[in-house]
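Peer 1: Next come a sequence and a model predicted from it.
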Amino acid sequence: MERLRYILKKGVYKLHYDFNESRCELLILLDHRVEPMHVHDFDELVVIFGGSALHVIDDEEYPVVRGDVFVVRGNHHHTFKNLDNLNVANFLFRRDYFETLKKEFANLPGFKALFVDEPRYRKNQKFKSKLHLSSSQLQEVIHLLNAINDEQADTLPGYNEAKERIFEFLIIKICRDYSKEQKPNSKSLLRISKAIDFMENNYETQISISILSQKTSMSESNFRFCFKKITGLSPIDFLIKLRIEKAIDLMANNVTLNVTGVSSLIGFKDSAYFSKKFKEIIGISPLAYFKKQRAMGEYSRPR
């Protein structure tokens, strides 16, 4: 625990963990104590294996009990309160490691829903899409956590690699459990997550509600309803926002492009419509954004 410390900076507690050569670390916290609201630059997988509490994240509070499993993205302010014999396993993992995991488990059912979309849309879902393990499922997870803890304690040659392999097996295990969830909110998130994933990987193509609803095995009306309930946006508004975000990336990395070129690359047939939506979302026109990027590039060029 000496590698874990709180740093108070500009009125915000930042939790720092020294990973050293490791990309992930397991902390077993028995009879967990109250911590200050904090943020950190790593993410964590949380397994509640005893007791209960209120999980406070940003401006919301959610009850958690034994068997609950969820991911906390480090850029959110969070803590626990009203702790009652709370026993927690916190698996901390670096952001660069998570990017590797996202690629490795891109096709694993439940991964994107549990690790990406549930944290992203938690407030809309009121934490009702989290994973809750049965007693037998939890015992299997605890067995893997104990194996990771043993590797950390023994520090035998290759223990970091062994720890990562067990953690990755743990991910497969809980994603399988999540993909079997029967709670309506979890089932809806799993389905909508497929549509989000499709849009993120095919945003430059022509995408219809019909295509998206087929991906989720839902009727078009039910798909529209569930999508907006989870994301807060209609499917079309979500796709437009996604395309504008991709446009920002393109414009930041290639100042030789023009507005028409960018709009066609991200899936807009009409550059005027692209400019209108860009200004609605970003606050300035794409042409003004281009000029700003070019001015910054000129300013930073060596002289």
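Peer 2: All right, it came through fine.
Peer 1: could you list every residue that touches residue 109?
Peer 2: Each residue near residue 109 by Cβ atoms under 8 Å, 6 or more residues apart in numbering is listed here: 175-176, 179, 190. Where you see a C-beta, it was placed from the backbone N, CA and C, and this is true even at glycine.
Peer 1: do the same with residue 17
Peer 2: By Cβ under 8 Å, 6+ apart, the residues touching residue 17 are 3-4, 25, 40, 42, 92.
Peer 1: before we move on, what about residue 193?
Peer 2: With contact set as Cβ under 8 Å, 6+ apart, residue 193 has these partners: 112-113, 116-117.
Peer 1: quick one: which of these is nearest residue 18?
Peer 2: When the contacts of residue 193 are ranked by distance to residue 18 (Cβ to Cβ), residue 116 comes first, at 26.4 Å.
Peer 1: Look up how far residue 195 lies from the closest one.
Peer 2: In this view, residue 116 and residue 195 are 13 Å apart by Cβ to Cβ, to the nearest Å.
Peer 1: The two: which is more packed in?
Peer 2: Neighbour comparison, residue 116 and residue 195: the larger count goes to residue 195, with 26 against 18 (by other Cβ atoms under 10 Å).
Peer 1: Which residue, other than its chain neighbours, is closest to that one?
Peer 2: On the basis of Cβ to Cβ, 6 or more residues apart in numbering, the spatially nearest residue to residue 195 that is not a chain neighbour turns out to be residue 212, at 4.5 Å.
Peer 1: Please apply the same query to residue 7.
Peer 2: Nearest one to residue 7, counting by Cβ to Cβ, 6+ apart, is residue 14 at 4.8 Å.
Peer 1: about what we covered before: among the contacts of residue 109, who's most crowded?
Peer 2: residue 190 (22 neighbours).
Peer 1: how about the nearest residue to it, chain neighbours excluded?
Peer 2: residue 113 (4.9 Å).
Peer 1: mind pulling up the phi and psi values for residue 118?
Peer 2: Main-chain torsions, residue 118, degrees, to the nearest 10: phi -60, psi -50.
Peer 1: What number of neighbouring residues does residue 30 come out with?
Peer 2: 12.
Peer 1: ugh, typo on my part, it should be residue 34
Peer 2: Using other Cβ under 10 Å, residue 34 has 11 neighbouring residues.
Peer 1: what about it, is that helix, strand or coil?
Peer 2: coil (DSSP: H, G, I helix; E, B strand; the rest coil).
Peer 1: quick one: pLDDT of it?
Peer 2: At residue 34, the pLDDT value in this model is 86.
Peer 1: ok, back up a step: list the residues that contact the residue nearest to residue 195.
Peer 2: 195, 198-199, 223, 227, 235.
Peer 1: Shouldn't it be within a helix?
Peer 2: Yes. Assignment of residue 212 by three-state DSSP places it within a helix.
Peer 1: Strands of the stretch 101-250 of the chain, start to end?
Peer 2: According to DSSP state E, counting those that start in this stretch, the stretch 101-250 of the chain carries its strands in the segments 131-132.
Peer 1: what's the domain layout of this protein?
Peer 2: 4-181, 186-232, 238-300 (automatic domain parsing).
Peer 1: rewinding a little: need the contacts of residue 193 in CSV (columns: pLDDT and distance to residue 8).
Peer 2: CSV is the format used below for the contacts of residue 193 (pLDDT from 0 to 100; distance: Cβ to Cβ, whole Å):
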residue, pLDDT, distance to residue 8
112, 94, 35
113, 94, 35
116, 94, 30
117, 95, 32
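Peer 1: Out of these, which two are the most distant from each other?
Peer 2: When Cβ to Cβ is used, the two most widely separated members of the contacts of residue 193 are 113 and 116, lying 7.4 Å apart.
Peer 1: Quick check on residue 51: phi, psi?
Peer 2: phi 80, psi -160.
Peer 1: What is the neighbour count of it?
Peer 2: A total of 18 residues lie near residue 51 under the criterion other Cβ under 10 Å.
Peer 1: so who does it touch?
Peer 2: 31-32, 65-66, 83-87.
Peer 1: Narrow the contacts of residue 17 to just the buried residues.
Peer 2: 25, 40, 42, 92 (16 or more other Cβ atoms under 10 Å).
Peer 1: sec struct for the last one, please.
Peer 2: Assigned with three-state DSSP, residue 92 falls in the strand class.
Peer 1: where's it relative to residue 72, distance?
Peer 2: Residue 92 is 10 Å from residue 72, by Cβ to Cβ.
Peer 1: any shared contact partners between those two?
Peer 2: 43-44.
Peer 1: residue contacts, the nearest residue to residue 135 once chain neighbours are set aside?
Peer 2: Spatial nearest neighbour of residue 135, excluding adjacent residues (Cβ to Cβ, 6+ apart): residue 67 at 7.4 Å. Neighbour list for residue 67: 48-49, 132-135, 137-138 [criterion: Cβ under 8 Å, 6+ apart].
Peer 1: Good, we can wrap up now.
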